[in-house]
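[1] model the structure of this input:
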Amino acid sequence: MSAFRVLFLLAVAVQMPVYAKPLVKTSAVTEGTIHWQPCHSAAFQHWFTDGPPPPELQCGYVEAPLNYHQRAALTVRLALTRLPALGGKKGSVVMIADGPGQPGINPPISEQSAALKLHKYYDIIGYDPRGVGQSTPKISCRLTESEEAPLPDENDIPGLEQQQRNLVAACIKQTSGDVVQQMGTQAAVHDLDTIRQALGEPALTAVAYSYGTKVAALYAERFPKKTRALVLDGVVDISQDDFTQRINQERGFQQSFLRFADYCEKTASCMLTSEPNRAIQLYHALLHKLHDAPLVTQSGYEISADDVITLTRSLLPWHERWPELAAALRKIDAGTADDKVTDLIDAGYTPNTDDAQTVIACTDVARLSKDWLMLRRARQQINTAASFPNYLPLHEYPLEACDFWPYPGQDKPHTPVVSPLLPPLLFIAQHYDPLTPYHNALAMSAGFKSPLITREGDGHTLALTGTNSCVDEAVVDYLLMPKKVRHDKSCR
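    From the prediction side, this is the model:
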């Protein structure tokens, strides 16, 4: 399947240096002693490549043990930002980013009334997880020039799998084996409590998005007495193993693709139709055309079938981005793609976060199985669960990086273990979410005996973004008064 070529293009992308600062010896975390400085100062300007930070934004670091089981050893340095409360401060809200591998400093928050009400009383805290962004040491799987090899054909299974072996070896070489083993979610949960202590908060108040909800849910289990209020938006089900999660995601993407095709026909915004089989035929026809002869724009940008698949996957989860996706597909199909289309394609490639995603995911889910037949069968099931990207179906699918990972995964899927000391959490979900399907939130809210807010529509994560005032108002009300009795709620 041509989509595999995208994976390997990302794997060999040049990365930033691994260590922005050497590992140092650990010291105990002192409560409330982060040395906050203006983010616009010279020491932090390199954190903000997309433009200057807000003038009031503050930056700082928190030291955490590299290995929480060996506290006398080395540390990681977590990069944090603080947007100070606008009025009389009552505490801090930590924003736990999507991922794995996504940076989280300077988190976006709506300036509309509900979010402003929260910001009036609470500092807004963002942070880059260990190994990510401005935190150090930074995960890298950079290949040297001598290690880089021509991209294999999609039918060259041995060649594709060797690429993955090379990627794993590079991750361990560049980041070090001792470090990569401490980059999983289990350590991230402890980091969250280290941040809480450094902020001087007696109990954690946080809003978590997508993969971040896995961190938040495990925190609630592990630190019930240190939990004040946790919002989980775009919910990961901690009872599912990696195979189940990925199968469900692919089925979710298939559903979202067909709903997008229906949107295209109803709005006459692209060539797709409401009839499922016809929509997939039309999409496959476009992919075949680009596979045989990539489209070259007036600016000299070459658009391949892989680019279209990447663009589609990157925009499908957000309904508000569907007009952009429809316009891009229409222009590509007509051979009139412009710089706006190619900018969208480029935004779908994230080489600076893909290394971290690989290492964190493999640290969590690697199985150390040598049953290659079983593993290949699992890869085939995952890669055929959604038909829309499978325009060149294979008889065999290559193994992935985590299949060659030399360390056992640390995840232990389980139903939530809820302490009687844990206060109610708040779950947020959207009915048609391909990345974290709706049934995840149903299971997790039931497991944690906590209310669920459902948005009736398409999308993935929305709390405090201004997308839906009903959701934002419910989230802020909970964060301000978490002990108030609440019930499930529906928002449109």
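[2] what about the strands in the stretch 101-250 of the chain?
    122-127, 204-209, 227-233 (DSSP state E, counting those that start in this stretch).
[3] list the contacts for L375?
    By Cβ atoms under 8 Å, 6 or more residues apart in numbering, the residues touching L375 are 369, 399, 403. For every residue, glycine as well, the C-beta is placed using N, CA and C.
[4] and it, what element?
    Taking DSSP states H and E as the definition, one finds L375 inside helix 372-383.
[5] for the lengthiest helix in the chain, buried residues please.
    Counting by DSSP state H, the longest helix found in the chain is helix 242-267. Neighbour-count burial for helix 242-267 flags 242, 245-250, 252-265 (criterion: 16 or more other Cβ atoms under 10 Å).
[6] ok, for P54, nearest residue in space, not its chain neighbours?
    Nearest residue to P54, sequence neighbours excluded (Cβ to Cβ, 6 or more residues apart in numbering): L83, at 7.1 Å.
[7] that neighbour: neighbour count?
    22 (other Cβ atoms under 10 Å).
[8] so it touches D123, yeah?
    Yes. Between L83 and D123 there is a contact under Cβ atoms under 8 Å: 6.6 Å.
[9] picking up where we left off before, quick one: name whatever helix or strand follows the helix holding L375.
    Per DSSP H and E, the first helix or strand lying C-terminal to helix 372-383 is strand 426-432.
[10] may I have the strands that pair with that following strand, each with its orientation?
    Its sheet considered, strand 426-432 pairs with strand 227-233 (parallel), strand 452-458 (parallel) by DSSP bridges.
[11] now that strand: average pLDDT?
    For strand 426-432, the mean pLDDT works out to 97.
[12] how about the following helix or strand past it: buried residues?
    Counting by DSSP H and E, the next helix or strand C-terminal to strand 426-432 is helix 438-447. Of the residues in helix 438-447, 438, 440-445, 447 count as buried by neighbour count, 16+ other Cβ under 10 Å.
[13] list the contacts for K340?
    K340 is in contact with A328, counting by Cβ under 8 Å, 6+ apart.
[14] before we move on, which element is it in?
    Assigned by DSSP H and E, K340 falls within helix 339-347.
[15] per-residue confidence averaged over that helix?
    Helix 339-347 comes out at a mean pLDDT of 96.
[16] kindly format the C-alpha coordinates of it as PDB.
    Output in PDB follows, covering the C-alpha atoms of helix 339-347 (Å, rounded to 0.1, in the frame of the first residue of the first chain):
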ATOM      1  CA  ASP A 339       0.500  27.000  -2.900                       C
ATOM      2  CA  LYS A 340      -2.500  26.900  -0.400                       C
ATOM      3  CA  VAL A 341      -3.000  23.200  -1.200                       C
ATOM      4  CA  THR A 342       0.700  22.400  -0.900                       C
ATOM      5  CA  ASP A 343       1.000  24.300   2.400                       C
ATOM      6  CA  LEU A 344      -1.800  22.100   3.700                       C
ATOM      7  CA  ILE A 345       0.000  19.000   2.600                       C
ATOM      8  CA  ASP A 346       3.200  20.100   4.200                       C
ATOM      9  CA  ALA A 347       1.400  20.800   7.500                       C
END
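[17] got the contact list for the following helix or strand past it?
    Per DSSP H and E, the first helix or strand lying C-terminal to helix 339-347 is helix 351-365. Helix 351-365 is contacted by residues 10-11, 13-16, 99-103, 129, 131-132, 138-142, 167-168, 171, 175, 180-181, 183-185, 188, 241-242, 401-402, 405, 407, 409-411 when judged by Cβ under 8 Å, 6+ apart.
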